[in-house]
Structure formats: structure tokens, C-alpha cells
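# pasting the sequence and the predicted model now:
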Amino acid sequence: MAPIPVDGPALIQGLYSILPELVVIGTAIVVLLADLFLADDRKKLLCGIGIVGVALSMFAALSLGSGRIEGFSGMIVHDGMGLFFTLTILAAALLTLLMATGYSEWEGTQKGEFFALLLISTAGMLFMAKGTDLMTVFLGLETLSIPIYCLVGFHRDRMKSLEGAIKYFLLGAFASGFLLYGIALLYSVTGTTKIASIAAMVRDARLYESPVFLAGMGLLVVGFGFKVSLAPFHMWTPDAYEGAPTLVTAFMAAAVKAAAFAALIRVSLLTFPALSPVMANVLWALAFLTMSVGNFSALLQDNVKRMLAYSSIAHAGYILVGLVAGDVAGGQAALFYLLVYALMNLGAFGVIMLVAQGEDDAYDIGNFAGIGFRYPVLGALLTLFLVSLAGIPPTAGFVGKFYLFSSAVKNGYVGLAVLGVLNSAVSIYYYLRLVVYMYMMPAPGEIPVPRPPRTAFSIALCASAAAVLVLGIVPRSMLEFAERSILSLLM
Amino acid sequence: MTGVPFLDQHLLSVLIGLPLVGAALLLFFPRDGKPAIRAFTLAVTLLEFLLSLPVVARFDSGTAAMQLVERAPWLPQYGIAYQVGVDGISLWLLMLTTFIMPIAILSTWAAVEKHVKEFMVFMLVLETAMVGVFVATDLFLFYIFWELVLIPMYFLIGVWGGERRIYAAIKFFLYTFVGSVLMLVAILVLYFHHYAVTGSYTTDLLKLYELAIPLKMQFWLFGAFFLAFAFKVPMFPFHTWLPDAHVEAPTAGSVILAAVLLKMGTYGFIRFAMALFPAAAADWTPYIAGLAVVGILYGALVAMVQKDVKKLVAYSSVSHLGFVMLGLFAYNLQGIEGAILQMVNHGVSTGALFLIVGIIYERRHTRLISEFGGLAKVVPVFTLCFMVVTLSSVGLPGTNGFVGEFLILLGAFKAHKVLTVVAALGVIFAAVYMLWMFQRVMYGKVTNDENLRLTDMNAREVAYMLPLLLFVFWIGVYPQPFLRRMDASVNAFVARVEAKKQAALAGSPPGETLLVRYFDAGK
């Protein structure tokens, strides 16, 4: 058997194009090794290693720039959009790790595998965001999912954690199956798994008339729909989010969503012009359904963690509005919103983590009564994040929603924009409810004493808050970055 | 004018920013230093008022153009700019805001004891947002200030309010938010229509004024703007949040709510809804004027049967704002000037009434009319103030209320004869409920012994009441300085609306309304 020829320069370029991913994976390995040699009382260092690694990876991503670097025969491309999502995901991972400094100690997740799983999952997300081939996307998805299944069930002694993990794992496995079958159908029609080639063939070969192709696209949407929790594929979300360690919940809502949307955006924006009527109708219905199911279910929740879980479903619906619009403005709005959502959501979960102290019933909304005035900084931060989630100016959440609905109106989907703003009016009620408890309700007993955050934790919270405000008042450069990223995709 | 170049160039921005800076500084005050916190906030609002005086001094009443304009790019590629200015329509509302703030702050000395620091922070943020609403001439900027108002007001009602404060706060927030989100979509539609017509993106209000908008589009856009403003005004039947919010809000909150927040709605009508979509507004006019008159009568009748003084004043607001709406939709100089003047009057008079109610509540912790009676003999200074304010609210000649109502009825009579005659009944009703209430509270025998121990108004209370009384008479006797500065802008408004209406309706048979045309569009 002849040896497989190795194209040296191409391999080097390929490795160069995944430099940020390599750094993250390397960090995961270092964490695992260090875990073996560190004494129990020095395990704190593991988190620090993770933080340094993610920061280095961000630096690597920035040094690659936003130019187009192809790797592994075009299976992976680092382009403007890849850079945008790399930075978004890494920022979410960085904030998560910063919060982990305190959280892991309190919750007993101070273990090497916790941080290693987090990092490997992050690497999977990065692959997924940069994958221009459906195979890479699938590999990325599995690389990100499997560690997350473990993380959701990390509290092996808690029933809810296990329940969430099982539900997430079973449904997630189904979703992977759907996705893979969809890819197979697409491959059978087009003979390729490259997203760009498929998109070109849709246009040239009138593939939108082929039922097999449409079925493949449909299965693809279902697969991604599970991961970003679009209704009606959202069933696992509340249980998994509630059961998971809160830090993991925050990470899932922010980063997993961003990565899965990255792939969905690549597929839908490229194929959109050709598939327009069919695709737009499907996404329209999904967006409407997702927003409404998320918001109306969130209204009924007394558990803050569950409330935020349903709200994250609703937010997936808002982001989908940008994809319905299906043009540069829509994609740009979706990108911007994903970043903003990651920041405000991590921030909100961060504050909740401090207050709730880990016990399951501590996430009951009644536990938050009286927090606002007793702990003014925490109260103000959580209020800011909630106001931003609700989409009220002058926060980044408002700017994000403004551009999402604006892209819908621009493309003639005024009805969807109206449904969207009415939905955000519904969401006001449950976000404000938490504010009501914090500031206006008398505490039933003692006001819980929040855990004093570590310095790193405080930095993470303040950085998110600052970003939410700054992006709300001067969003210009970030919007331009998002626009360039989308343009780089369509070029 | 002020001698400081920076101030002269950025007067309006300074007015927007100063309270916010004050709020930020306030965060560094120790929370138990209540006197210092109060004094500092009062100083900030007084300084704000003093700085707003040059706006009047520099105001050129000879032009209808925006004055003291400042413009800075914000999101230039989307045509969104930071752009502010005042004209004869917004001038007095801006002044009313800066004028009423120190008064409201001064009224909280004895009323607000818990979380004083946070209270003052919210008051100052509120002032920034309100000033912003009245001077923004960019739709995007306006919308941001418009929504920003909700947050501090929500906390003011929800934290420092009465027993049902949470219910009232959420109701206030939800109602006004639902009203205004549709406006956001309408703004977007308008924005993209401007692009479709001219090829450039803009949210500049003055440019959008020049835009020709198809009738069908106007119909829907006006509808969305109408909802946003009608909730805020509030017009009948969108008013149900108002009595709750007013009754539950702390005194200072009620004062601001009545004096300024409701005016944002009526101001929105004239500055945005009517000015941008004149043809649709003209078509909707009979219905809106009709609702305004229903509001006048309904508010007055419901006020008549109230047992709680504050509730009575709240319902009287529904009635008074009905007059303002009627004046606006008269589409002539008298009607609109009367309406704008009446916005200011209502701010002064109803603001003062809420302060009066607050004074009495602080002493007796009840606002039920039946608890009082015969106060006139016990507290003479209070009686005098109360009487003046009551008469001003009733619209007695010589007080501000008379001038405003007179002009409104004069203008409205030209436009809607029958409706105006009916609306005039509201003036009579107002006399009935206000004077009857005054009589039950102030005259007769002292039926309740507790009232014998009432103390009269102290120096601080007199100090914040006097400026209001001064304006009651100033506007009542010599309204000319106020009206003169509106003339140019209101005339220009009327002329522009008429011209655009004619242009939009050109080519359609006389008497055919947009509604008819819209629903016949299918054929």
C-alpha cells in the first residue's frame, strides 16, 4: 500500500487556520495533565490555566485577522464570520471561566475534567462556527455536544442534574441523527457536502424542485433547531437548563447557541436567495412559534433558572427573525444580537448564581425578595441585564432587537416585526417580575446573603455590564464588524 | 448669552446631560447622609432650571425653524444622528420640565424617608429622559428617551408608592410599553420608505416631514403612533392605568407624571403623529375629537363620584387632557396654541393640586374627602393656596386655566361645532366636582377632631407652592409672552399640514375619506 502523500505546505496552512482551536485544545490537555500533578488545595490553578488559554486563543484569533484562510481543502475556513463567532464564543468561554473561579469552589466542580470538558466543548464550537463543509459542522457539533452532556450531569448526586443530562443526551442524540440524515440526503442529491457548492447548485440546478433536497434541508433545520432550542424542538431546554450546574446553563445559553446559529446562518444565508419562498415561510413560522412559546411559558415560571431557560428560547426566536429577513442586514443583526445575548445572559446568570447559593429551591423567585436595596450593586447589575434582555433602551439588548426587527421590516416582513415587538412586550412582564421581587417585595424571612464574589467573578460581571451599556450607546463599530463578517460570508 | 462658549454651543446637550451627571455623582454619597443627598439633588435641579433660562432668552420668536440645534453623527451609515433643537412647540414643555423638577424634589423632604439616595437618582435620570424627549429631533433618539422615561418612573411608583404600588407600577409599564412598541415598527417602516423614495437612510424628523407617504401607509403608521401617544396621554379608553399610577405614586411622582409625562403624549401627537401623517390624521380627526370629548365628560363624571381626593385629581386629568386633544385636532392657530398652553397649565395646576394632596396626606395619612371638613379655619395659608389652585383648575377668568380652555374652545368651535358645545359641558362639570370637593374638605364644621391639630404649611411648602401660584396668575393675566413664542411654529405647522393634506388628497373626490378609500382599495 502506497503511503498517503502529505502535502506539507497545505497541512501547515490548515493548522494555521485553526490556530485558536489548537490553543484551546492544547489548554484542555494541559489542564488534564496538571490535574494529575496538582495537590487538592491547589486545584484552583486549573481554572487559571483555562483563563490564560482562552485569552491566548482570542489573541491567536485576532492575529489571524479577518482575511480568508482556507484549511484542509476548504473543510474549514477562517473568514470574517469565523472571526466574529470565534471571538463571541471565546468571550463567552472567558466570562464563564472567570465566573468559575468562585463557582467551582462553592459547588465542588473544582475538578480537572470540569474545565477540560468546558474547553473541549469550546473547541467544538469554534470548529462548528468555522466549518464550511457539512462534515466539519457535524464533527464540531458532536465535539461540542458530548462534553456538554457530561457537564449538564456534573452533579452526579443531584436528581435534577441527572434528569436534565439524560433528557438532553437522548434528544441531542436524536437531533444528531436528524442532522446526519439530512446531510446524507443533501449529499445524495448534490454529490458534495461543501455548503458553498450546495448553495451554488441550488441556484443553478433548480434543486428547490427536488423533494429529496428539500427533505434534506428540512432535516438540517430540525437538527440545528434542537441545538438552538427552536420551538417545537425545545422540549429538553427547561429541564436541561434547570438541572445543569448554573454556570454550565449560562455557558450553554450563550455559547452553544452562538455556535449552532453560526452554522445555521452559514447554511441559510447562502441558500436563502434561491430557496427564498419555501425557506422564508418555514423560518417565519419557526420564529413566530419560538418567540411565543418561549415568552408565554416564561410567564408562568417561579424558578428563575427555568424562567431564563424559557427566555433563552424566546431569544432564539428573535434571532431567527434576522434569518427570515435573509439579507446582509438580517445576518448582521443576528450576529450582533448573538454577541449581545451572550453578554447579558451570562451577566444575568452570574448574579443569580451569587444570590442563589446552589441549593435547588434557592432559585425560587421568592428568594430574591429584598436583594435590590440590601445589595445595591448586585441588584443594579441584575436589573441592567434584565432591562437589556427585555430590550429597553439605552442598552445593547434594545439596539440588537432594533436591528433584528429593522431587517424584517426592510424585507417586507412587517407582520413578523409586529409579532416580535408584541412578544417583547410580553417578556417585559416576567423580567420585571424579578425586578419587582428584588426591589418592591418585602423579604419573607432573612434576606439571603449572596456569596462574596471573587475578584475574577466581579471582573466578569462588570465587563459584561459595561459592554451591555457601551454597545447600547455606541454600537457602531461592533455593527460594522458584524456587517463585514456577513459580507465576507457572501463573497 | 451665558458667556461660557461651551454652554452657548451645547446648551441643550448640557440640559440633557446635567441631571445624569448629577445622578452619577449621587451614587458616591453615603446612604445615611439624607440632608446632603436632598440638598445636592435640589441644587442640581435648580442649576438645571437656571441653565434652561437662556433657552427662553435666546429663543427667536420670529422663526419657525428649530433653534439651538446641535447635530452629531451617531450611526452615520444608517442615517441616525444625535440631533436636538427647540421650537415654539417644545419650548414651554422643556421649560415646564426644568421648572417643575426642583419643586417636586423640594416636596419630598418629609414624604420620602426610605432609600432617599435611590429615589433622587431615579428623579434625576427621569429628568434627563424627559428633557431628551422634548428636544430630540431624530426619531431614533426620541424613541430612546421615550422608553427611558419608563424605567425610573416604574421604580418611583413601585418602590415608593402606596399600598397597591406593584400592581400600579406594572400596569403603568406594560400599558405604555405595549403602546409604544408598535410605534417602533412604524418608525422602521417610515425609515425604509424614506430610503425607497429618496435613496438615503435617515431618521431626521425634519427630513421625514418632507416625505410624501402613500395614503394607505399613512393610515397604518398613524395608527401605530396613535396607540403609543393615546396610551400616554391617556385618551379614553386607554386611560385605565392612569388613576392607579397616580393614586399609588408618591407625591413627587404624581406631580411629574401629571405635569410632564402625560404631556409627552400630547406633544407626540403634534410633533410626530399629526405632523408626519397629516392626511391620515385628518381622516382620523372626527373619531379622535369624539374620543377626546368622551374623555372630557367621562373623566369629569367619574371624578365627581370619587371619595379619594387624589383619585379625583387623577380623573380630572383625563378630562383636562381631553381638552388638549380637542384643541390639537382643531388644526388651527387658536386651538393648537390653546392646547400647548393648556399642557403647561395642566402641568402647573394639577402639579400644584397633587402637591396640595401630598401636604394634607403627610399630616393625616388619609386622602378620603369624608375625613376632612372645615379645614379653612385651621390652616389659612393652606386654604388660600388650595383655593387658588382649585380655581385655576376650574378655569376661572384671570387664572391660567381660563386662557387655555378659552383658546381651545375657540379653535375647536371652528372645526367641530357640535362636539365643542358638548365639550363645554365639561367646563361646567369641572366646576362642579372641583368646587364640591373643595367645599367638603375646607368648609363647614370641623367634624373630625384630628383636623383641629393640623399644622399649617411650613416655609418649605410655601416656597415650592409660590412659584406655581405665580404662574397661575402670570399666564392667566398676561399670556402674551407665552403665546408669542409659539406663533411662528404653530402657524408653520398648520400651513404645512394643510399643504400636505391637500397634496395627499389631490385627485380624490371631495368628502371621500381615507377610510372609505382604504377599504375600497380591493376593487
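That came through fine.

# element containing residue 89?
Using chain A here. Here residue A:89, judged by DSSP states H and E, is contained in helix A:80-107.

# not what I meant, chain B
Going by DSSP H and E, residue B:89 is not in any helix or strand.

# where does the stretch 251-400 of chain A get nearest to chain B, residue-wise?
residue A:393 (4.1 Å; C-beta to the nearest C-beta). C-betas here are computed from N, CA, C, even on glycine.

# ok, the residue nearest to that residue when sequence neighbours are not counted - contacts?
Leaving aside its chain neighbours, residue A:393 sits nearest to residue B:144 (4.1 Å; criterion: C-beta to C-beta, 6 or more residues apart in numbering or on different chains). By C-beta atoms under 8 Å, 6 or more residues apart in numbering or on different chains, residue B:144 lies in contact with A:393, A:394, A:398, B:132.

# other SSEs contacting the helix or strand harbouring residue B:190?
Assessed by DSSP H and E, residue B:190 sits inside helix B:165-198. Secondary-structure packing of helix B:165-198 (3 or more C-beta pairs under 8 Å, 6 or more residues apart in numbering or on different chains; DSSP states H and E): helix A:396-410, helix A:414-439, helix B:139-148, helix B:150-160, helix B:205-209, helix B:215-232, helix B:241-248.

# redo those as TSV? Include mean pLDDT.
Shown next, in TSV, are the helices and strands packed on helix B:165-198 (pLDDT from 0 to 100):
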stretch	mean pLDDT
helix A:396-410	92
helix A:414-439	91
helix B:139-148	92
helix B:150-160	91
helix B:205-209	88
helix B:215-232	89
helix B:241-248	89
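
# and among the ones you listed, the most buried is which?
Mean neighbours per residue, mean count of other C-beta atoms under 10 Å in any protein chain shown, is largest over the helices and strands packed on helix B:165-198 for helix A:396-410, with a mean of 27.

# and it with helix B:139-148, angle?
130 degrees (axes from the mean of the first three to the mean of the last three C-alpha atoms, to 10 degrees).

# does helix A:396-410 reach chain B?
Yes - contact of helix A:396-410 with chain B (C-beta under 8 Å from any C-beta of the partner chain) involves A:398, A:402, A:405, A:406, A:409, A:410.

# from those residues, pick the one nearest chain B.
residue A:409 (4.1 Å).

# I figured that closest one was touching residue B:189, is that so?
Yes - if you go by C-beta atoms under 8 Å, residue A:409 and residue B:189 touch, sitting 5.7 Å apart.

# where along the stretch 1-150 of chain A do the helices fall?
Counting by DSSP state H, counting those that start in this stretch, the stretch 1-150 of chain A has helices at residues A:8-17, A:19-37, A:44-64, A:80-107, A:112-130, A:134-152.

# which is the next helix or strand following the host helix or strand of residue B:71?
Per DSSP H and E: residue B:71 is located in strand B:67-75. Following strand B:67-75 in sequence order, the next helix or strand is strand B:80-86 (DSSP H and E).

# quick one: that following strand to chain centroid distance?
Here strand B:80-86 is found 21 Å from its chain centre; the criterion is C-alpha atoms, centre = their mean, to the nearest Å.

# shaky segments in the chain?
I'll assume chain A. Under the criterion pLDDT under 70, the flagged ranges of chain A are A:1, A:358-360.

# please go with chain B instead
Those would be B:1-3, B:505-523, if you go by pLDDT under 70 across chain B.

# around chain A, pick out the residues from it.
So chain B meets chain A at B:74-75, B:77, B:115, B:118, B:143-144, B:147-148, B:150-151, B:154-155, B:158-159, B:165-166, B:169-170, B:173-174, B:177-178, B:181-182, B:184-185, B:188-189, B:191-192 (C-beta under 8 Å from any C-beta).

# still on that earlier bit, quick check: buried residues in the strand holding residue B:71?
By neighbour count with 16 or more other C-beta atoms under 10 Å in any protein chain shown, strand B:67-75 contains the buried residues B:67, B:68, B:70, B:74, B:75.

# what's the answer for stretch A:290-305, then?
Buried residues in stretch A:290-305 (16+ other C-beta under 10 Å): A:290, A:291, A:292, A:293, A:294, A:295, A:297, A:298, A:301, A:303, A:304, A:305.

# and the gap between residue B:410 and residue B:178?
Distance, residue B:410 to residue B:178, by C-beta to C-beta, to the nearest Å: 36 Å.

# likewise residue B:65?
Taking C-beta to C-beta, one finds residue B:65 at 35 Å from residue B:178.

# and those two? Which one has more around it.
More crowded of residue B:65 and residue B:178, by other C-beta atoms under 10 Å in any protein chain shown: residue B:178, with 18 against 13.

# quick one: residues contacting residue B:332.
When contacts are counted by C-beta under 8 Å, 6+ apart, residue B:332 touches B:411, B:414, B:415, B:494.

# how about a cut-off of 6 Å?
B:411, B:414 (C-beta atoms under 6 Å, 6 or more residues apart in numbering or on different chains).

# what's the answer for residue B:419, then?
Counting by C-beta under 6 Å, 6+ apart, residue B:419 has contacts B:289, B:293.

# host element of it?
helix B:417-442.

# ok now whatever helix or strand comes next after that helix, how far from the chain's centre?
Sequence-wise, the next helix or strand downstream of helix B:417-442 (DSSP H and E) is helix B:459-477. Put simply, helix B:459-477 sits 19 Å off its chain's centre (C-alpha atoms, centre = their mean).

# got the buried residues for helix B:459-477?
In helix B:459-477, counting by 16+ other C-beta under 10 Å, buried: B:461, B:464, B:465, B:467, B:468, B:469, B:471, B:472, B:475, B:476.

# include distance to residue A:89 when you put those into TSV, please.
Below are the buried residues of helix B:459-477 laid out as TSV (distance: C-beta to C-beta, whole Å):
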residue	distance to residue A:89
B:461	60
B:464	56
B:465	60
B:467	58
B:468	58
B:469	63
B:471	59
B:472	63
B:475	61
B:476	66
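
# of all the residues in the helix holding residue B:419, which ones are buried?
Those would be B:419-420, B:423-424, B:426-427, B:429-431, B:433-434, B:437-438, B:441-442, for helix B:417-442 by 16+ other C-beta under 10 Å.

# if we can go back for a sec, out of the buried residues of stretch A:290-305, who's nearest residue A:267?
Set against residue A:267, the nearest of the buried residues of stretch A:290-305 by C-beta to C-beta is residue A:290 (17.6 Å).

# residues contacting residue A:398?
A:391, A:392.

# ah, wrong one, I meant residue A:220
residue A:182.

# off-centre distance for the helix or strand encompassing it?
Under the criterion of DSSP H and E, residue A:220 resides in helix A:211-227. Centroid separation between helix A:211-227 and its chain, computed with C-alpha atoms, centre = their mean, is 20 Å.

# same thing with stretch B:272-280?
Worked out by C-alpha atoms, centre = their mean, stretch B:272-280 lies 20 Å from the chain centre.

# show residues contacting it.
B:215, B:218-219, B:221-222, B:225-226, B:229, B:281, B:497, B:500-501, B:504-505, B:514.

# using CSV, write out the CA atom coordinates for it.
Output of stretch B:272-280 as CSV, limited to C-alpha atoms (Å, rounded to 0.1, in the frame of the first residue of the first chain):
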residue,chain,number,x,y,z
PHE,B,272,-44.9,63.3,15.3
ALA,B,273,-48.3,61.7,14.6
MET,B,274,-50.1,64.7,13.1
ALA,B,275,-47.0,66.3,11.5
LEU,B,276,-45.8,63.2,9.8
PHE,B,277,-49.1,61.8,8.6
PRO,B,278,-51.4,64.7,8.1
ALA,B,279,-53.7,63.1,5.6
ALA,B,280,-54.4,60.1,7.9
